[in-house]
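**Student:** quick one: sequence plus predicted model below, questions after.
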Amino acid sequence: MRGYLVAGNWKMNGYGAVNTKLTRSILEGWGAGATQVRLLICPPYPYLRELGQLLEGSSVALGAQNLSQHASGAYTGEVSAAMLKDVGCEFVIVGHSERRAMMGETSAVVADKFAAALGAGLRPILCVGETLAEREAKQTETVIDEQLSAVLKRTGVDAFSTAVIAYEPVWAIGTGRTASPQQAQDVHLHIRGRLKAHSSRIAERMQILYGGSVKGDNAGGLFAEPDIDGGLIGGASLKADDFLAIAAAAASSD
Ligand code: PGA
């Protein structure tokens, strides 16, 4: 059983007291959790260690939103995979569309970051997804294939055994416009199929998350699809009740 992963991508939001309160509320609301569901929060870098300490011994995991592809050295402002591991991260988001679009991260850089994460023992969450123009030009599968194969070529399929993939259509992120469960399922099935061509064992075990305007009221429909194994949640991860409603939708999809 793949189970569900419900991951909160806080992006560049929050500050000390707000983050602590949000984390405590998630912990209280989630309690012992549900067997088939894991929760994950990905706060901004400066808060990782402190929030990680709050999470210790709980069923909520800690992740970062980005990492450097380099191991160490003269890279001012960058943070390495080993540093993230050192402050208690288990996961790291790699290749989010905001970084691809705004920070110019190419698929080759994303592949290097994916490899760097694995090298330090972190579990990468590889984001893939098409823009609206690409979807309208019927390029969705081509775009996703390119994003996936850049990483597959760099690391090989075995490296995917501890990874997670997040399908995030760019047109659905922060727009309130969600992919329908069927639209998402079609792409998830395609992604699993691409992996299957390399290894059916890894493809069957791979958790493929959907991201893009997931809320408490649409999560259940998405999670009911056979190839949707959880969500990468932006806006709705910033309020404990909203995030917990999505977690509850995953728990009742068991
Ligand atoms: P959203 O963001 O839930 O606010 O659409 C998702 C993401 O960017 O990971």
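**Tutor:** Alright, I've got the coordinates. Numbering: from 1, shown residues only.
**Student:** quick one: the strands in the stretch 151-254 of the chain?
**Tutor:** 164-167, 207-211, 230-233 (DSSP state E, counting those that start in this stretch).
**Student:** could you dump those strands to a markdown table with mean pLDDT?
**Tutor:** As requested, these are arranged in a markdown table below (pLDDT from 0 to 100):
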| stretch | mean pLDDT |
| --- | --- |
| strand 164-167 | 98 |
| strand 207-211 | 98 |
| strand 230-233 | 98 |
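**Student:** could you say which of those is packed most deeply?
**Tutor:** Mean neighbour count (mean count of other Cβ atoms under 10 Å) peaks for strand 230-233 among these, with a mean of 29. All C-beta atoms are positioned from the backbone trio N, CA, C, and that covers glycine.
**Student:** run the chain-centre distance for stretch 238-247.
**Tutor:** Relative to the centre of its chain, stretch 238-247 is centred 16 Å away, using Cα atoms, centre = their mean, to the nearest Å.
**Student:** kindly report the same for stretch 135-151.
**Tutor:** Relative to its chain's centre, stretch 135-151 lies at 18 Å (Cα atoms, centre = their mean).
**Student:** please identify the buried residues of that stretch?
**Tutor:** For stretch 135-151, burial by neighbour count (16 or more other Cβ atoms under 10 Å) applies to 135, 140, 141, 143, 144, 145, 147, 148, 150, 151.
**Student:** and the pLDDT at the second one?
**Tutor:** Which is residue 140. Note for residue 140: predicted pLDDT of 98.
**Student:** just read off the phi/psi values of the closest residue in space to residue 128 that isn't next to it in sequence.
**Tutor:** In this structure, residue 128 finds its nearest non-sequential neighbour in residue 147, 4.3 Å apart by Cβ to Cβ, 6 or more residues apart in numbering. When read as degrees, to the nearest 10, the backbone of residue 147 gives phi -60, psi -40.
**Student:** for residue 147, give me its contacts.
**Tutor:** Taking Cβ atoms under 8 Å, 6 or more residues apart in numbering, we find residue 147 in contact with 95, 107, 110, 128, 129.
**Student:** any chance of JSON lines for the buried residues of stretch 135-151, columns distance to residue 183 and secondary structure?
**Tutor:** Converted to JSON lines, the buried residues of stretch 135-151 look like this (distance: Cβ to Cβ, whole Å; DSSP: H, G, I helix; E, B strand; the rest coil):
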{"residue": "135", "distance to residue 183": "9", "secondary structure": "helix"}
{"residue": "140", "distance to residue 183": "9", "secondary structure": "helix"}
{"residue": "141", "distance to residue 183": "12", "secondary structure": "helix"}
{"residue": "143", "distance to residue 183": "15", "secondary structure": "helix"}
{"residue": "144", "distance to residue 183": "13", "secondary structure": "helix"}
{"residue": "145", "distance to residue 183": "17", "secondary structure": "helix"}
{"residue": "147", "distance to residue 183": "18", "secondary structure": "helix"}
{"residue": "148", "distance to residue 183": "18", "secondary structure": "helix"}
{"residue": "150", "distance to residue 183": "24", "secondary structure": "helix"}
{"residue": "151", "distance to residue 183": "23", "secondary structure": "helix"}
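**Student:** alright, that wraps it up for me.
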